[in-house]
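# my questions concern the predicted model and sequence given below.
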Amino acid sequence: MNRNKLLLVVAVIAAVVAFFAFDLDRFLSLDYLKGQQAALGAYYAANRVQTIALYLLIYIVVTALSLPGAVILTLAGGALFGFWVGLVVVSFASSLGALAAMLAARFVLRDSVQAKFGEKLAAINAGVDKEGAFYLFALRLVPLFPFFIINLLMGLTRIRAWTFYWVSQLGMLAGTAVYVNVGTQLAQVDSLGGVLSPTLLGSFVLLGLFPLIAKKIVDAIKARQVYARWADRKPSAFDYNMVVIGAGSAGLVSAYIAAATKAKVALVEKHRMGGDCLNTGCVPSKALIRSAKMLSHIARSKEFGIAQASAQFSFAEVMERVQRVVRAIEPHDSVARYTALGVECVEGTAKITTPWTVEVQTAAGPKTLTTKNIVIAAGARPFVPPIPGLDAVSPLTSDTIWNLRELPKRMVVLGGGPIGSELTQAFARLGSQVTQVEMLPRIMIREDPEVSALVTAQFRKEGVQVLTEHKAKQFLIEGGEKILVAEHAGAEVRIAFDQVLVAVGRVANTTGYGLEDLGIGTTKQRTVQTDDYLQTIYPNIFACGDVAGPFQFTHTAAHQAWYAAVNALFGSFRKFKTDYRVIPWATFTEPEVARVGLNEQEAKEKNIAHTVTTYGIDDLDRAIADSEAHGFVKVLTQPGSDRILGVTIAGEHAGDLLAEYVLAMKHGLGLNKILGTIHTYPTLAEANKYVAGNWKRSTVTQGQWAFLSAFQAWRRGAFGLGSVLGQVGPLLKDKRPAYSPEGH
């Protein structure tokens, strides 16, 4: 806490202590007010401006310091000034006092609270930004809620001071009017119990509930307005409880949940069941990576004590193996399986024609499906940037690269994200001369810098030319040779190649199936616009998976699908906000990179207080035995606590090792629990226990270690207890950590 904050806290404490020490609260009692009413009235008659100014000052100070007596002062305002003047004076005084209290709480506490609990408060901050004024107004209408608590809590949020002021003044006006009016009849008031009667408080509670009820009514009216132009086309009954558009991960899970809950569901897919993940994404890429890794191990044979090893392979056979893997997994996502589960699978191109109708163009002709709910799971496609000349060089994408049967001799990969990096390494290991071009300062930009450096070093070791801060400007064909012209540090760089893979991101499929006609909008990220429940502007139309964002992972698509399906089928009774708090992901390069929660660069960008603990996998017995002694585990924890904020693992099987932390974060388990868990020896999973041990040792101070050392010496009889206390007493004041986890 800085000096100014400390001075303010001391001043507030001193003022509160003085208030009670000098028994000033006796002046803010009903008996005192009634006894002095005549004298105060006479003073006001003679000194109107001074009295109002003094009253304002006292009221603001009492309210700002959250001292008891605001009710008495409000009654006094009515008794002294009459109803209308009293109402104006008290309204401004109470609002200004509340503002002062809120600003003081914000000045002293907000930064530290936001830094410590930033992730947990993210949803609250977003809610306050969106509807903070509305909920503050509802709270202000109910005197049952202590105003000083409202002031304190609002000070910890990002609500604007001006918004807080005018909403408070407006919200407190009704209650202020009641109390000021009672004050005008002060002689008839025997106790505050009569003023704060259950009937009056009940009335205020109902008054406070009114905005909330009104909001529900407004939401219902808005929904009715959205549906208004379709009202005459709404079916009286529906063929299905749910129609799902798209049979990728999100669509399959949505349909599965609907069928499992005995809903009648149709699943529409225009291409292939399984979507991108099965056909062009996760499954084929991991199959290719496995073959490439096999070759890399053969190239490293000497590391394993094998003098010489070589392999003969056909690239076409490798790519055929990829397709065999796809075909082997295909039955998991097949029409036959989902039909057996109770899903009606429809092959064709879907178009939403009304909020309850989906037209499907099938091989047999058009088919109309009427449905209570619609789930859009249309997925995404590779983004191909409009670079001059790109079309002329027949670019490959993550969708089309699987058609290759001849290995490119020279390959350019545009993009340094997960897809680009995985395929860069795989093709390099298969024998291509790969140049990876990234316009940003480093590849894998979302990861911590040391992760990018580790992967880059491995790529270069394997012969990949990694060109960062190179912006692709133009593609040319000169003398039959394909050339990429890039810009780097203001200079032109020319790169010759045979094939180019464009891997600069993916864009959601938001056109071609009726969103435009229905007026369903998209976000700045070009995904379908949804709320926290994955609803579009139509409460019965939902979107999930890559088409909805914000993550483009198979497992998050499945995660969202649960919320979309359950909210669609049972949202009339209860809806669930989509939970993105613990989202893991992995990039399957070598070293593999896996992460959950915050990494260090994000924590710094968001100004979230954190402690970093690392463990180098090069020290791990199993990693050494496997000749995979590289990488690290990095854990971010809340300062002074074992609560895990995020984990990054770089190394062999990082994605598998991460699961323990995903479980821990999901269920609130800290590093102490991981440290106390038996991990099989020798396994890579021991790295998780060792990083927890590093964290534990980092919490022990120099003084504590000194005490333990002296205590054990005393137990051995080396010297007496008095000598121990004399030696360690000064050392216990040393709070410096005895161990630095970063330096091992």
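Here it is on my side, so go on.
# can you show me the helices along the stretch 401-550 of the chain?
Assigned by DSSP state H, counting those that start in this stretch, the stretch 401-550 of the chain shows helices spanning 418-430, 449-461, 515-518.
# actually the stretch 251-400 of the chain, not the one I wrote
Counting by DSSP H, counting those that start in this stretch, one finds helices in the stretch 251-400 of the chain at the ranges 275-279, 282-299, 315-329, 335-340.
# give me phi/psi at Thr510?
phi -120, psi 10 (degrees, to the nearest 10).
# leaving out sequence neighbours, find the closest residue to it.
Nearest non-adjacent residue to Thr510, counting by Cβ to Cβ, 6 or more residues apart in numbering: Thr522, 5.3 Å away. Using the backbone N, CA and C atoms, a C-beta is placed for each residue, glycine as well.
# touching, the one you found and Ile537? I think so.
No - here Thr522 does not reach Ile537: they are 11.6 Å apart, not a contact under Cβ atoms under 8 Å.
# hey, what's in contact with both of these two?
Gln529 (Cβ atoms under 8 Å, 6 or more residues apart in numbering).
# with adjacent residues omitted, what lies nearest to Ala623?
Counting by Cβ to Cβ, 6+ apart, Ala623 lies nearest to Ala629, which is 4.4 Å off, once chain neighbours are set aside.
# can you report how many residues lie near that neighbour?
17 (other Cβ atoms under 10 Å).
# likewise Phe22?
The number of residues packed near Phe22 is 9, by other Cβ under 10 Å.
# any low-confidence regions in the stretch 201-350 of the chain?
201-219 (pLDDT under 70).
# same for the strand or helix carrying Trp714, what does it pack against?
Here Trp714, judged by DSSP states H and E, is contained in helix 702-715. Secondary-structure packing of helix 702-715 (3 or more Cβ pairs under 8 Å, 6 or more residues apart in numbering; DSSP states H and E): helix 721-731.
# quick one: the helices in the stretch 51-200 of the chain?
Along the stretch 51-200 of the chain, counting by DSSP H, counting those that start in this stretch, helices occupy 70-81, 83-105, 111-140, 147-155, 161-184, 192-195, 198-228.
# ranking these by mean pLDDT, which is last?
In terms of mean pLDDT, the lowest-scoring of the helices of the stretch 51-200 of the chain is helix 192-195 (a mean of 56).
# quick revisit: can you tell me how far the residue nearest to Ala623 sits from Asp618?
As judged by Cβ to Cβ, to the nearest Å, Ala629 and Asp618 stand 4 Å apart.
# over to Phe147?
The gap separating Phe147 from Asp618 is 59 Å, by Cβ to Cβ.
# so which of those two has more stuff around it?
The neighbour comparison of Phe147 against Asp618 (other Cβ under 10 Å) goes to Phe147, with 20 against 13.
# tell me who's in contact with the more buried one.
63, 70, 98, 140, 172.
# in space, what's closest to the last one - neighbours in sequence excluded?
The spatially closest residue to Met172, leaving aside those adjacent along the chain, is Arg140, at 5.1 Å (Cβ to Cβ, 6+ apart).
# pretty sure that neighbour is in contact with Phe164, am I right?
No - contact criterion Cβ under 8 Å: Arg140 and Phe164 do not qualify, at 10.1 Å.
# contact partners for Gly668?
Arg643.
# and it, that's in a strand?
No - using DSSP: H, G, I helix; E, B strand; the rest coil, the assignment for Gly668 is coil, not a strand.
# can you report phi and psi for it?
phi 70, psi 30.
# show me the helices in the stretch 601-744 of the chain, by range?
With DSSP H, counting those that start in this stretch as the criterion, the stretch 601-744 of the chain has helices at 621-625, 654-666, 671-675, 686-698, 702-715, 721-731.
# please identify the most buried of the helices of the stretch 251-400 of the chain.
For the helices of the stretch 251-400 of the chain, the largest average neighbour count (mean count of other Cβ atoms under 10 Å) is found in helix 275-279, namely a mean of 25.
# list the helices and strands that helix packs on?
On a contact count with 3+ Cβ pairs under 8 Å, 6+ apart, helix 275-279 meets helix 249-260, helix 315-329.
# got a list of contacts for the shortest one?
Contacts made with helix 249-260 from outside it, assessed by Cβ under 8 Å, 6+ apart, are listed as 241-242, 244-245, 247, 265, 267, 269, 273-275, 277, 333, 338, 341-343, 375, 377, 379, 544-548, 554-555, 557-558, 560-562, 564-566, 568-569.
# try it again at 7 Å.
By Cβ atoms under 7 Å, 6 or more residues apart in numbering, the list of residues contacting helix 249-260 from outside reads 241-242, 244, 265, 267, 275, 277, 333, 338, 341-343, 375, 377, 544-545, 554, 557-558, 560-562, 564-566, 569.
# counting neighbours, what do you get for the closest residue to Thr523 other than its chain neighbours?
In space, and not counting its chain neighbours, Thr523 is closest to Gln529: 5.3 Å by Cβ to Cβ, 6+ apart. Using other Cβ under 10 Å, Gln529 has 18 other residues around it.
# surely Gln529 meets Leu518?
No - counting by Cβ atoms under 7 Å, Gln529 stays clear of Leu518, with 11.8 Å between them.
# tell me how many other residues crowd the nearest residue to Glu592 once chain neighbours are set aside.
Distance criterion Cβ to Cβ, 6+ apart; nearest residue to Glu592, sequence neighbours excluded, is Ala654 at 4.0 Å. Residues near Ala654, counting by other Cβ under 10 Å, number 27.
# cool, and Ala685?
So Ala685, with other Cβ under 10 Å, has 18 neighbours.
# and if you look at Ala263?
If you count neighbours by other Cβ under 10 Å, Ala263 ends up with 20.
# dump the residue contacts of the closest residue to it other than its chain neighbours.
Closest residue to Ala263 apart from its sequence neighbours, by Cβ to Cβ, 6+ apart: Asn241 at 3.7 Å. Each residue near Asn241 by Cβ under 7 Å, 6+ apart is listed here: 258, 263-265, 372-373, 569.
# coming back round to it: residues touching the residue nearest to Thr523, list them.
Gln529 makes contacts with 520-523, 536, as judged by Cβ under 7 Å, 6+ apart.
# the same query, at a cut-off of 10 Å, please.
Residues near Gln529 by Cβ atoms under 10 Å, 6 or more residues apart in numbering: 510, 515, 520-523, 535-537, 543, 548-549.
# re earlier: wouldn't the residue nearest to Ala623 be in contact with Ala687 here?
No - counting by Cβ atoms under 10 Å, Ala687 is not a contact partner of Ala629; they are 11.1 Å apart.
# mind putting the helices of the stretch 601-744 of the chain into TSV with mean pLDDT and distance to Thr435?
Output for the helices of the stretch 601-744 of the chain, formatted as TSV (pLDDT from 0 to 100; distance: least, Cβ to Cβ, whole Å):
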stretch	mean pLDDT	distance to Thr435
helix 621-625	97	31
helix 654-666	97	26
helix 671-675	97	41
helix 686-698	95	34
helix 702-715	76	51
helix 721-731	60	58
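# Phe81 is nearest to which of the ones you listed?
Among the helices of the stretch 601-744 of the chain, the nearest to Phe81 by Cβ to Cβ is helix 654-666 (57.5 Å).
# now do the buried residues in that closest one.
654-655, 657-658, 660-662, 664-665 (16 or more other Cβ atoms under 10 Å).
# ok, now which ones touch Tyr21?
Check again: residue 21 is Ala, not Tyr. Ala14.
# ok, which stretches of the stretch 301-450 of the chain are strands?
Taking DSSP state E, counting those that start in this stretch to define them, one finds strands in the stretch 301-450 of the chain at 343-347, 349-354, 357-362, 365-376, 380-382, 410-414, 433-438.
# related to what we said a few turns ago, in CSV: the helices of the stretch 251-400 of the chain, plus distance to Arg581.
Below are the helices of the stretch 251-400 of the chain laid out as CSV (distance: least, Cβ to Cβ, whole Å):
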stretch, distance to Arg581
helix 275-279, 23
helix 282-299, 23
helix 315-329, 30
helix 335-340, 30
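# wait, which of those is closest to Arg716?
Closest to Arg716 of those, according to Cβ to Cβ: helix 282-299, at 52.5 Å.
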